[in-house]
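Q: Provided below are the primary sequence and the corresponding predicted coordinates.
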Amino acid sequence: MGAVRIAIVGGSFGGLTAAYELCRHLSPERAEITLVAKDDEFRFVPSFPWVAMGRRRLEQISFPLAGPLVAKKVRFARATVTHIDTGAKVVSTGADEHPYDFLVVATGHRSANEAVPGLGPFDGPGHSPMSAPEAEELARAIQRLLAEPGPVVVGAAPGASCIGPVYEVAFELDHLLRRRGLRHQVPMTFLTPEPYLGHMGMGGAGTIRQLLEGALEERDIGYRMAVVIVDGHEALRVGKSFARSDRLDAGEGRDDDRAHRGSRDCIGRLDGVLGDPRDRGRGAIDDVSLFEGGLEELADGAGAAHAHVAEERLGGEQADGDLVA
C-alpha cells in the first residue's frame with residue numbers, strides 16, 4: 001500500500017498545526033502531505049491590533065510558509081481553492097488539482113462585514129483589525145484620528161465569536177491617546193453584544209466582569225452591553241436586548257443561560273439584517289469595528305425581563321467627530 005495522501009487547506013494556525021502534527025506522527029513514506037494556502041506567508045493574527053496601533057509592521061509578525069513546510073517535507077501550493085469534489089476527493093485551484101485520501105479544512109474565519117450595512121472597512125465608514133489589509137487600513141485611520149481628534153466608539157458586531165480583541169483595541173487606543181496627550185479630546189464609548197462585560201460567549205470567568213467594569217470606568221470609557229449594531233452609515237444605529245446588564249442579577253441571580261438566550265434572541269429578531277442565526281452559527285460575524293460619525297445617548301426603550309430589541313441612533317452633538325467605533 002502506498003503513502004496516504006493528505007490535503008490541508010489553509011496556512012494559518014489550524015493548517016500549520018495540522019501539518020506539523022501529522023509530520024510528527026507520520027513519516028514521508030507513510031504520508032504525502034500537501035498544504036494549499038492563498039497567501040505565501042504566515043501572519044500572527046493576535047498581533048493585528050499592534051499593527052493597527054503602529055506598534056508592529058506586518059513583516060514583523062510574518063514569515064514565509066514555504067521554507068518551514070519544505071523542511072518538513074510538506075508540499076506547499078500557494079493558490080486559492082475554487083472547488084472541493086468530495087466524491088472524487090480532489091481539491092481544485094485555478095492552476096492545479098490536488099487529489100487526497102484525507103482532507104483537512106482549516107481556512108479560519110471570514111469577517112461577514114456585509115451582514116451589517118456600513119460596517120466597513122472597505123464598503124462603509126467602519127474599521128477593523130481582523131485581517132492584515134484591515135489592520136493596515138485601521139492603522140491609517142488611527143493616524144487620521146491622532147491628527148484630528150474626535151469621538152470614538154469601539155464595538156463588536158452581533159454574533160461575534162471573538163470578543164477579546166474588542167477590549168484589546170479599546171485599551172490599546174486609550175493608552176496610545178494618553179501617550180500622545182490627546183485622550184481628553186477623544187470621548188470613548190465601548191459597545192458589546194455581551195449581556196455583561198467579560199461574558200466572552202462563555203459565561204465569564206471569576207471576577208472578570210468587575211475587573212473590566214473598573215478598568216473601563218477608571219479610563220473614562222463609557223460602555224453599553226447587549227448591543228446589536230444595526231447600521232453603520234451616516235450615524236451608528238444600534239439595538240439593545242437588555243437595558244442594563246446588572247438587571248440580569250435580579251430575582252434568580254445571574255443566569256448565564258438566560259444571558260445567552262438574550263443575545264441569540266436579539267440577533268434572531270434582526271434576522272432581516274443578519275439572516276437566520278441558526279444558519280449563521282457562532283463566528284459567522286467575527287469583527288471589531290471603529291465607525292466614523294458621532295455619538296449621542298438616547299433612551300434605551302428596552303425590556304430587562306426578556307430579550308427585546310429597540311433601535312437607537314448614535315449621532316448628533318458629536319456628529320463631527322472624525323472616528324467613531
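A: Noted; the coordinates are in hand. Residues are numbered from 1 along each chain as shown.
Q: contacts for stretch 17-34 next, please.
A: The contact list for stretch 17-34 (CB atoms under 8 Å, 6 or more residues apart in numbering) reads 3-8, 35, 69, 72-77, 98, 100, 104, 106. Just so you know, the C-beta spots here come from the backbone N, C-alpha and C atoms, and that holds for glycine as well.
Q: pull the distance from that stretch to the chain's centre.
A: Distance of stretch 17-34 from the chain centroid (CA atoms, centre = their mean, to the nearest Å) equals 31 Å.
Q: give me the distance between the two termini of that stretch.
A: End-to-end span of stretch 17-34 (CA to CA, to the nearest Å): 13 Å.
Q: quick one on the thing from earlier: which ones among the contacts of stretch 17-34 map onto strands?
A: 4, 5, 6, 7, 8, 35, 75, 76, 77, 98, 104 (DSSP state E).
Q: any quick PyMOL command for the buried ones out of these?
A: Listed next is the PyMOL selection for buried residues among the ones in strands among the contacts of stretch 17-34, using 16 or more other CB atoms under 10 Å:
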select buried, resi 5+6+7+8+35+76+77+98+104
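Q: mind putting the ones in strands among the contacts of stretch 17-34 in TSV, pLDDT included?
A: TSV is the format used below for the ones in strands among the contacts of stretch 17-34 (pLDDT from 0 to 100):
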residue	pLDDT
4	94
5	95
6	96
7	96
8	96
35	97
75	95
76	96
77	95
98	95
104	95
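Q: ok, so of the ones in strands among the contacts of stretch 17-34, who is nearest residue 16?
A: residue 35 (7.9 Å; CB to CB).
Q: quick check: beta-bridge partners of the nearest residue to that closest one once chain neighbours are set aside?
A: The shortest distance from residue 35 to any non-neighbouring residue, by CB to CB, 6 or more residues apart in numbering, is to residue 8 (4.5 Å). In this entry, residue 8 is beta-bridged to residue 35, residue 104, by DSSP bridges.
Q: pLDDT weak spots in this structure?
A: Counting by pLDDT under 70, the low-confidence segments of the chain come to 1, 231-325.
Q: the helices in it, which residues?
A: 13-25, 48-52, 66-71, 132-147, 164-179, 208-218, 256-268, 271-274, 277-280 (DSSP state H).
Q: return the most buried member of the ones you listed.
A: Greatest average neighbour count among these goes to helix 48-52 (a mean of 24), per mean count of other CB atoms under 10 Å.
Q: ok now it, how far from the chain's centre?
A: 13 Å.
Q: next one: stretch 25-35
A: For stretch 25-35, the distance to the chain centre is 34 Å (CA atoms, centre = their mean).
Q: and that stretch, end to end?
A: So stretch 25-35: terminal residues 17 Å apart, CA to CA.
Q: and what of stretch 115-125?
A: 14 Å.
Q: what residues of that stretch count as buried?
A: 115, 116, 118, 119, 120, 121, 124, 125.
Q: please name the nearest non-neighbouring residue to residue 16.
A: residue 42 (6.4 Å).
Q: and the spatially closest residue to residue 163 that is not a sequence neighbour, what does it touch?
A: Distances taken as CB to CB, 6+ apart place residue 200 nearest to residue 163, at 5.1 Å, with adjacent residues excluded. By CB under 8 Å, 6+ apart, residue 200 lies in contact with 163, 164, 194, 208.
Q: ok, now how distant is residue 194 from residue 167?
A: 10 Å (CB to CB, to the nearest Å).
Q: one more: residue 153?
A: 14 Å.
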